[in-house]
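Undergrad: The sequence and its predicted three-dimensional model are supplied below.
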Amino acid sequence: MLHDPRMESMFPHLPVEKIREMCARGDELSFDDGETIFAEGDSDNAFYIVLEGRIRITKKIASEERLLVIHEAGQFTGDISLLMGTPFSATGRADGPTRVVRFSQDEFRLMIAECPQLAAPVLKAFAARAREVDASVVQQEKLASLGKMAAGLAHELNNPASAMVRTVQALEGAISRVSRLG
């Protein structure tokens, strides 16, 4: 996993009374286990608060789906793409039966402006998550560079080895011809 979901600054729980207050502004949605809530690359940005169940956040890295984090009831997701105005950088799927409240970009901005109790934990979590994602991207780039370097080294080592094999085969052929003559 990319993060430890117990890190309170990165994955704060919103106060129950604030969630109830905000629900009137959003759309309550239910999802079955494994159902996609949002997909990597989607540009329909939204902010989600988990009411019941869990959301598994995964990202496709190379050809492998990697688990980044699991958001529990009372936690939120969608903030990074929403605040940055970029498509979702990961996919969120229901982990068991899950209920969420979805807020459009406009509803979210209005809530942030009107509710400082929401703005503080969301913006703090956004900053922490952005730092974590940046660190992860740097690590992935380092690993990709290391992989390219290893492939190049293997290629360079393979060329002399192939040349030696061809030379040995040529010598065997020459020795065989000489021994038949003599």
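TA: Yep, it's here. Residues are numbered from 1 along each chain as shown.
Undergrad: And the helices in this structure?
TA: Using DSSP state H, the helices of the chain run over residues 16-23, 79-84, 105-114, 116-181.
Undergrad: How far does the longest one sit from its chain's centre?
TA: Here helix 116-181 is found 22 Å from its chain centre; the criterion is CA atoms, centre = their mean, to the nearest Å.
Undergrad: now swap in the shortest one and tell me
TA: On the basis of CA atoms, centre = their mean, helix 79-84 is displaced by 14 Å from the centre of the chain it belongs to.
Undergrad: Dump it to PDB, keeping only the CA atoms.
TA: Extracted in PDB, the C-alpha atoms of helix 79-84 (Å, rounded to 0.1, in the frame of the first residue of the first chain):
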ATOM      1  CA  ASP A  79      -9.900  15.500  -3.200                       C
ATOM      2  CA  ILE A  80      -6.600  15.400  -5.100                       C
ATOM      3  CA  SER A  81      -8.100  15.300  -8.600                       C
ATOM      4  CA  LEU A  82     -10.900  17.700  -7.600                       C
ATOM      5  CA  LEU A  83      -8.600  20.300  -6.100                       C
ATOM      6  CA  MET A  84      -6.000  20.000  -8.900                       C
END
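Undergrad: And that helix, what does it pack against?
TA: The contact analysis (3 or more CB pairs under 8 Å, 6 or more residues apart in numbering; DSSP states H and E) places helix 79-84 against strand 46-52, helix 116-181. Placement of C-beta: from N, CA and C, glycine included.
Undergrad: what's the closest of the ones you listed to Glu40?
TA: helix 116-181 (13.1 Å; CB to CB).
Undergrad: circling back to that earlier point, out of the helices of the chain, name the one with the poorest average pLDDT.
TA: Of all these, the minimum mean pLDDT falls on helix 16-23 (a mean of 68).
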